[in-house]
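Undergrad: One predicted model, sequence on top.
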Amino acid sequence: MSNDSQIDRIIERIAERLAALGFSERKASLMATGRPDAIRYIRTRRAMPSLSRLAKLANVLQADPLYLAGDTSKNDWEGYKNAAPVGANLPEAVFDSLSKFHKIEPEGPLPAVIVHEALPAGHELFLDQSGKSFSVGLFTLGDAPIDVFFHPPLLKDRELSGFYAPDNALSPLFAAGSPVMMESGAKIQNRDEVVIGVSTDSGGVVYMLARLLWRTEDALTLTQLQPNATFLVPISRLKRVFRVVRYSDFLRPPEIAA
């Protein structure tokens, strides 16, 4: 069994294709994403590419996305190119990615996690135990997928979904724009980061990203980091609770048969 991480394999394959084509990291990044540092961020491990971004890079590098991710059986650019176009703009690329990757069996190389759009939904005042109020940012989660994440290999049997953090409520753990992966049906413990869905007066549900401090029969005590605030959410308003998967778990490498 190999201990090489998935990100190591992606970096190695990208470097291999850059050398074969005579492309610089900057040139390939601009061609694939319109941004000059996309590949540099992957190489320096500042970012793990989503499947849609990996597909765009693969299109420029003339490689099957599965090959870039480490599947040596998929080193057939002509076959892949003729079978399925890549590199389209979202949302078309998202649905291409979902059809290609999300339905892969658990032992497949790239199971995927559907990413939903998180849109700011204003602020609401919540009280702490002393009756002091705090303004807490809320957001909605759309139904339609906008992207896909790599599924953490060690969590392949878990029911996961994701979004990009809409604010800095848990920065620096999850700064605005950072990928957030959450698990449905997981046992929640004190000190876990959580996504809490609360009811609105109109009958809808809005969400907040926070850390659970403790729970009583009447309320959840939550804290956020930016700004620093501790507040109560009444159990009567609670609709959904998800446990957040730490980003370090998101990047944990799978074990690949030699």
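TA: Great, that's in hand.

Undergrad: How about L225: what's its closest non-neighbour residue?
TA: L170 (5.5 Å; Cβ to Cβ, 6 or more residues apart in numbering). Every C-beta, even on glycine, is put in place using the N, C-alpha and C of the backbone.

Undergrad: for the host helix or strand of L66, packing partners?
TA: With elements taken from DSSP states H and E, the one containing L66 is helix 65-68. Using 3 or more Cβ pairs under 8 Å, 6 or more residues apart in numbering; DSSP states H and E as the contact definition, the elements that helix 65-68 packs against are helix 6-21, helix 51-61.

Undergrad: Nearest to G185 among these would be which one?
TA: helix 51-61 (23.8 Å; Cβ to Cβ).

Undergrad: tell me what that closest one is packed against?
TA: Looks like helix 51-61 contacts helix 6-21, helix 25-33, helix 38-43, helix 65-68, helix 92-97, strand 133-150 (3+ Cβ pairs under 8 Å, 6+ apart).

Undergrad: before we move on, the earlier item: buried deepest among the helices and strands packed on helix 65-68, which one?
TA: helix 51-61 (a mean of 25; mean count of other Cβ atoms under 10 Å).

Undergrad: Which among the helices and strands packed on helix 65-68 is found nearest to A118?
TA: helix 51-61 (16.8 Å).

Undergrad: next SSE after the helix or strand bottoming out on mean pLDDT in the chain?
TA: Of all helical and strand segments in the chain, the minimum by mean pLDDT, DSSP states H and E falls on helix 92-97, at a mean of 37. Using DSSP H and E, the helix or strand that directly follows helix 92-97 along the chain is strand 112-127.

Undergrad: circling back to that earlier point, roughly how far is the helix holding L66 from the heart of the chain?
TA: 19 Å (Cα atoms, centre = their mean, to the nearest Å).

Undergrad: Which segments of the chain make up each domain?
TA: As assigned by automatic domain parsing, the chain contains the domains 6-107, 113-249.

Undergrad: Which positions in stretch 134-143 come out as buried?
TA: F134, V136, G137, L138, F139, T140, L141 (16 or more other Cβ atoms under 10 Å).

Undergrad: One more: stretch 168-182?
TA: Buried residues in stretch 168-182 (16+ other Cβ under 10 Å): N168, A169, L170, L173, F174, S178, P179, V180, M181, M182.

Undergrad: my guess is the third one meets A210, correct?
TA: Yes - assessed by Cβ atoms under 8 Å, L170 is found in contact with A210 at 7.1 Å.

Undergrad: who's in contact with the most centrally placed residue in the chain?
TA: For the chain, the residue sitting closest to the mean C-alpha position, by Cα atoms, centre = their mean, is P179 at 3.9 Å. For P179, the contacting residues are M48, S50, V115, F149, G162, F163, Y164, A165, Y247, F250, by Cβ atoms under 8 Å, 6 or more residues apart in numbering.
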